[in-house]
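when you get a sec, could you give me coordinates for this:
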Amino acid sequence: MFNPTSRRGFLQAGGVGALAAATDLSFISKLRPVTAAEAQIDPKVVQFGPDIEPIVRLLEETPRERLLEEVATRIKGGLSYREVLAALLLAGVRNVQPRPSVGFKFHAVLVVNSAHLASLASPAETRWLPIFWALDQFKSAQAADVRENDWTMAPVDEAAVPAAHNARQAFADAMDRWDEGAVDVATAGLSRTVGANEMFELFVRYGARDFRSIGHKAIFVANSWRTLGAIGWQYAEPVLRSLAYALQAREGDGPPDSDAPADRPWKRNVELAKQIRAEWQEGKPADDATTDLLATLRTGSEEDTPRAVVEMLNRGVAPQSIWDALLVGAGELLARQPGIVGLHAVTSSNALRFGYETSASDDTRRMLLLQNAAFLPLFRQAMERRGGALADIKLDTLEPLPPANAEAGVAEIFADIGENRLQAARKTLAYARSTDRPAPFFETARTLVFLKGRDSHDYKFSSAAIEDYYQVSPAWRDRYLASTVFNLRGTKDKDNSLVERTKAALA
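Model prediction:
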């Protein structure tokens, strides 16, 4: 047993004491007025309202090397956090194509909610860092889009927008046909006539209907809804149009009526969901069921695992015990093969769990649970195809390893990450068992993402993992926490340059 490291102790032991100096948010620039040229809008490009269009244009048109300074100037002049966040999301959906595969450059959009969550959880002196990082990511993605095909979201074909009473059915029919044009106008109609909750029920199902883009469809659904909740639903239409377009990505799988492997789990699970007893949410927690489902996830197929879930629910196992296995199982996949596929097992499970908790539909909740159960074996198979056999790591039997220096436990864990992640995981397990306050661990993890994060996945993963720690039952949280070190940044990783750039922009 040992004491968790204090913030001061970590800063001394881990060598990140320069963060406070690097994130001084004081600056003296004044708000520059919006020029007439900035207010001019291309009629071939979707237009936003006059409250936000000039700010979006600022993000679009300012060169990358000057954007942070320009935004800092506007903040000093009164530009709010919410306005910056809204402009960031809208600039992304207008300028970055979410196809052919949802991901890659489109992470500039997918990461906005993760950066927002990191900002909310940060102390005031570092709160702008994730947002400024996301601004820089947008400029990188915008440049990539220009190099590829210079896609820009066009205005809605107003003549084809369905009547309000037909919009919901038109959207569902078009999505089922994978009809891009019909989906776009139906989405516009929905966003103007249907409430946010009803739209969510539609989109969350389509976000989970197929295993393409290694989970990014479900991630985009969750992140869109969460960011719109922060910036306001008056901005929903272009965001949902981008989302609907992304959800139709087929990645070369042929016509919509083909029996593509990515579509099969949904078709099977529609029938399996009907077999679940009506009282399925009234079960009792069962740690042995969690252990059994973890074992199935290690070797079972995308057909075996949903069947096991149905059997457990029907014999009275609580859904929480099943979610424990799915979230810990996703973390275990990452531990067995750290990398891009494993971390998306974690972030997509986070998104599907968000959908499950947000949906008011019993059938949708069943489907999201079963789809997550099917997706994890598919992630495992994708990892085996990419990197061969997975390491023999089982989180439920992982042995704790107390750190050599009990007073600097957190610092020692994050120092180990760069050299021996398995050792760091065992020390994390020991640390977690010694305290009911994981805050020092999470604070350190976030600080190191700010200092050393290299791409959107650092923000996406850390925000999802920290959130899901609290979604896992207390009996399993320690082991889940141990899995996070397989994708967190360590103190020995190289610093990125953005902190100094941000400091200079705000100075």
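
chain center to stretch 480-496: distance?
17 Å (CA atoms, centre = their mean, to the nearest Å).

what is the mean pLDDT for that stretch?
Throughout stretch 480-496, pLDDT has a mean value of 95.

quick one, what contacts Ile231?
82, 85-86, 89 (CB atoms under 8 Å, 6 or more residues apart in numbering). Using the backbone N, CA and C atoms, a C-beta is placed for each residue, glycine as well.

let's see it at 6 Å
Remark: with contacts taken as CB atoms under 6 Å, 6 or more residues apart in numbering, Ile231 is in contact with 82, 85-86.

now it. Nearest residue, chain neighbours left out?
Ala86 (3.9 Å; CB to CB, 6 or more residues apart in numbering).

let me see the domain layout of this protein.
Listed domain ranges for the chain are 30-76+79-251, 268-387 (source: automatic domain parsing).

kindly reformat those domains as CSV containing mean pLDDT and distance to Asp493.
Below are the domains of the chain laid out as CSV (pLDDT from 0 to 100; distance: least, CB to CB, whole Å):
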stretch, mean pLDDT, distance to Asp493
domain 30-76+79-251, 90, 15
domain 268-387, 98, 14
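
for Leu89, give me its contacts.
Taking CB under 6 Å, 6+ apart, one finds 112, 227 in contact with Leu89.

what about it, distance to Ala163?
29 Å (CB to CB, to the nearest Å).

now Arg177
19 Å.

specify which residue of the two has the higher count of neighbours.
Remark: of Arg177 and Ala163, Arg177 carries more neighbours, 13 against 9, as counted by other CB atoms under 10 Å.

which one is the more buried one nearest to, not counting chain neighbours?
Per CB to CB, 6+ apart, closest to Arg177 is Pro256, 6.2 Å.

tell me the buried residues in the longest helix belonging to the chain?
Counting by DSSP state H, the longest helix found in the chain is helix 362-387. Neighbour-count burial for helix 362-387, counted by 16 or more other CB atoms under 10 Å, picks out 364-380, 382-383.

after it, next one along is what?
helix 409-416 (DSSP states H and E).

which positions within that next one qualify as buried?
Residues of helix 409-416 classed as buried by neighbour count (16+ other CB under 10 Å): 409-416.

per-residue confidence for the closest residue to Gly254 other than its chain neighbours?
Leaving aside its chain neighbours, Gly254 sits nearest to Ala260 (6.6 Å; criterion: CB to CB, 6+ apart). We note a pLDDT of 93 for Ala260 in this prediction.

Ala21 too?
39.

Gly300 versus the closest residue to Gly387 other than its chain neighbours, what's the distance?
In space, and not counting its chain neighbours, Gly387 is closest to Gln337: 5.3 Å by CB to CB, 6+ apart. Distance, Gln337 to Gly300, by CB to CB: 17 Å.

quick one, which of those two is more surrounded?
Gln337 (22 against 18).

in this structure that one contacts Arg386, no?
No: when contacts are counted by CB atoms under 6 Å, Gln337 is not listed as touching Arg386 (8.1 Å).

can you give me the helices in the stretch 401-507 of the chain?
Here the stretch 401-507 of the chain has its helices, by DSSP state H, counting those that start in this stretch, at 409-416, 421-434, 439-452, 456-469, 474-484, 498-506.

distance to Thr152 added to the ones you listed, as CSV?
Formatted as CSV, the helices of the stretch 401-507 of the chain follow (distance: least, CB to CB, whole Å):
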stretch, distance to Thr152
helix 409-416, 42
helix 421-434, 42
helix 439-452, 31
helix 456-469, 21
helix 474-484, 38
helix 498-506, 27
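
of the ones you listed, which is nearest Gly181?
Nearest to Gly181, of all these, is helix 456-469, at 29.9 Å by CB to CB.

pull the residues that contact that closest one.
With CB under 6 Å, 6+ apart, helix 456-469 has contacts from 107, 111, 114-115, 117-118, 327, 343, 346-347, 350, 442, 445, 449, 477, 480-481, 484, 487.

cool, and stretch 240-260?
By CB under 6 Å, 6+ apart, stretch 240-260 touches 93, 98-99, 101-102, 178, 180, 183-184, 187, 191, 206, 212, 217, 220, 224.

derive a ChimeraX selection command for the buried subset of those.
Buried subset of the contacts of stretch 240-260, written as a ChimeraX selection, criterion 16+ other CB under 10 Å:
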select :93,98,99,101,102,183,184,187,191,206,212,217,220,224
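
of the contacts of stretch 240-260, which belong to helices?
Going by DSSP H, the helices hold 93, 180, 183-184, 187, 191, 206, 217, 220, 224 from the contacts of stretch 240-260.

can you tell me the closest non-neighbouring residue to Leu401?
Arg426 (3.7 Å).

before we move on, the earlier item: so which of the helices of the stretch 401-507 of the chain gets nearest Ala72?
helix 498-506 (4.5 Å).

contact partners for Pro285?
Per CB under 6 Å, 6+ apart, neighbours of Pro285: 318, 321.

hmm, back to that, out of the ones in helices among the contacts of stretch 240-260, which is nearest to Asn405?
Phe220 (42.7 Å).

measure the closest one to Asp210 for me?
From Phe220 to Asp210 the distance is 13 Å (CB to CB).

same check on His344?
Counting by CB to CB, the gap from His344 to Asp210 is 15 Å.

please apply the same query to Thr296.
In terms of CB to CB, Thr296 sits 22 Å off from Asp210.

more neighbours, those two?
Asp210 (24 against 20).

tell me the contacts of that one?
Contacts of Asp210 (CB under 6 Å, 6+ apart): 262-263.

swap in 8 Å and give it another go.
Residues in contact with Asp210, defined by CB under 8 Å, 6+ apart, are 217, 260, 262-263, 266.

are we agreed that it is in a helix?
No: remark: Asp210 does not belong to a helix; assigned using DSSP: H, G, I helix; E, B strand; the rest coil, it is coil.

where's Gln337 relative to Val499, distance?
Gln337 is 30 Å from Val499, by CB to CB.

what does His116 give?
19 Å.

out of the two, which sits in the busier spot?
Ranked by neighbour count (other CB under 10 Å), His116 and Val499 place His116 first, with 25 against 22.

the more buried one is in what secondary structure piece?
helix 112-120.

just to revisit the earlier point, out of the contacts of stretch 240-260, flag the one nearest to Leu390.
Out of the contacts of stretch 240-260, the member with the shortest distance to Leu390 (by CB to CB) is Arg212, at 22.2 Å.

residues touching the residue nearest to Gly387, list them.
Contacts of Gln337 (CB under 8 Å, 6+ apart): 383, 387, 390-391.

mind doing that once more with 6 Å?
Contacts of Gln337 by CB under 6 Å, 6+ apart are 383, 387, 390.

could you dump those residues to JSON lines with distance to Lys139?
Shown next, in JSON lines, are the contacts of Gln337 (distance: CB to CB, whole Å):
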{"residue": "Met383", "distance to Lys139": "32"}
{"residue": "Gly387", "distance to Lys139": "32"}
{"residue": "Leu390", "distance to Lys139": "37"}
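
going by neighbour count, list what's buried in stretch 84-100.
In stretch 84-100, counting by 16+ other CB under 10 Å, buried: 84-99.

thanks a lot, see you next time.
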